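J.: have a look; sequence and predicted model below, questions after that.
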Amino acid sequence: MFAYISGSPFVIQEIYGVSPQGFSLIFAVNAVGIVAASQISGRLVGRVHPRRLMAMGIVGSLLGGLLLIAAVLAGAGLVGVLPAFFLAVASIGFIGPNATALGLAEQPQDILGSASGLMGVLQFIIGAGVSPLVSAFGTASALPLGLTMALMSASALAVFVTMTSARAAR
């Protein structure tokens with residue numbers, strides 16, 4: 001998410017020539033995607049376990065990053081980039097709420113506030129570390145943004161699989 005927030009204005013406006021107003025509209029559509037995915041996740045959570053919903057979100061985010069890389073390499077332009085952004089960003093609606101619920105589910109009642117605070121701080125620390133990667137390898141292409149988004153999603157998937165496998169083994 002932080003890679004998208006820090007890199008998408010440059011990519012959409014500078015590389016693809018979209019006006020600031022057009023960028024605002026694109027950003028808003030992606031935000032609506034998060035809300036819609038959150039609503040869908042909320043309706044499904046009674047029938048589908050939060051782990052599965054979170055896994056769907058992480059895989060969606062990874063696919064969005066990979067689609068972004070493919071769109072850039074294929075020279076698909078804005079028409080290829082926008083659906084990739086939407087998929088990656090909307091997936092946050094499945095990841096965020098379920099990650100919070102799962103992360104806090106087994107914490108003792110008296111430390112829930114601290115556990116929630118730690119989760120929030122870690123998100124911002126990781127985001128602050130990831131944001132510079134978007135432009136670390138040059139600004140002539142959206143490829144660094146796609147690589148960063150895909151890498152972070154793949155890392156999230158690896159952590160998720162490791163954590164849920166360890167839990168299942170107990």
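T.: All right, it came through fine.

J.: Ile32: which element?
T.: Rather than Ile, residue 32 is Val. Under the criterion DSSP states H and E, the helix or strand holding Val32 is helix 20-44.

J.: got the contact list for that helix?
T.: 4, 8-9, 12-13, 18, 53, 57, 82, 85-86, 89-94, 96-98 (CB atoms under 8 Å, 6 or more residues apart in numbering). Heads up, the C-betas are built off the backbone N, CA and C, glycines and all.

J.: at which residues are the helices of the protein located?
T.: Along the chain, the segments classed as helices by DSSP state H run 2-9, 20-44, 50-74, 77-90, 92-105, 112-130, 143-169.

J.: just the angle between the fifth one and helix 143-169, please?
T.: Right, helix 92-105. On the basis of axes from the mean of the first three to the mean of the last three CA atoms, to 10 degrees, helix 92-105 is oriented at 40 degrees to helix 143-169.

J.: quick check: mean pLDDT across helix 92-105?
T.: Taken as a whole, helix 92-105 carries a mean pLDDT of 92.

J.: just the C-alpha atoms of it, please, in PDB.
T.: Taking Å, rounded to 0.1, in the frame of the first residue of the first chain, the C-alpha atoms of helix 92-105 are listed here in PDB:
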ATOM      1  CA  ILE A  92      -6.200  -4.300   1.000                       C
ATOM      2  CA  GLY A  93      -9.900  -4.500   1.900                       C
ATOM      3  CA  PHE A  94      -9.400  -8.200   2.400                       C
ATOM      4  CA  ILE A  95      -6.000  -8.000   4.100                       C
ATOM      5  CA  GLY A  96      -6.400  -5.200   6.600                       C
ATOM      6  CA  PRO A  97      -9.500  -6.100   8.500                       C
ATOM      7  CA  ASN A  98      -8.700  -9.800   8.600                       C
ATOM      8  CA  ALA A  99      -5.100  -9.300   9.600                       C
ATOM      9  CA  THR A 100      -6.200  -7.100  12.500                       C
ATOM     10  CA  ALA A 101      -8.800  -9.600  13.600                       C
ATOM     11  CA  LEU A 102      -6.400 -12.600  13.400                       C
ATOM     12  CA  GLY A 103      -3.500 -10.700  15.000                       C
ATOM     13  CA  LEU A 104      -5.600  -9.700  18.000                       C
ATOM     14  CA  ALA A 105      -7.700 -12.900  18.300                       C
END
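
J.: which residues does that helix contact?
T.: When contacts are defined by CB under 8 Å, 6+ apart, helix 92-105 is touched by residues 1, 33-42, 45, 50-51, 53-54, 56-58, 60-61, 112, 115-116, 119, 156.

J.: select only the buried ones of these in ChimeraX?
T.: Buried subset of the contacts of helix 92-105, written as a ChimeraX selection, criterion 16 or more other CB atoms under 10 Å:
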select :1,33,34,37,38,41,50,51,53,54,56,57,58,60,61,156
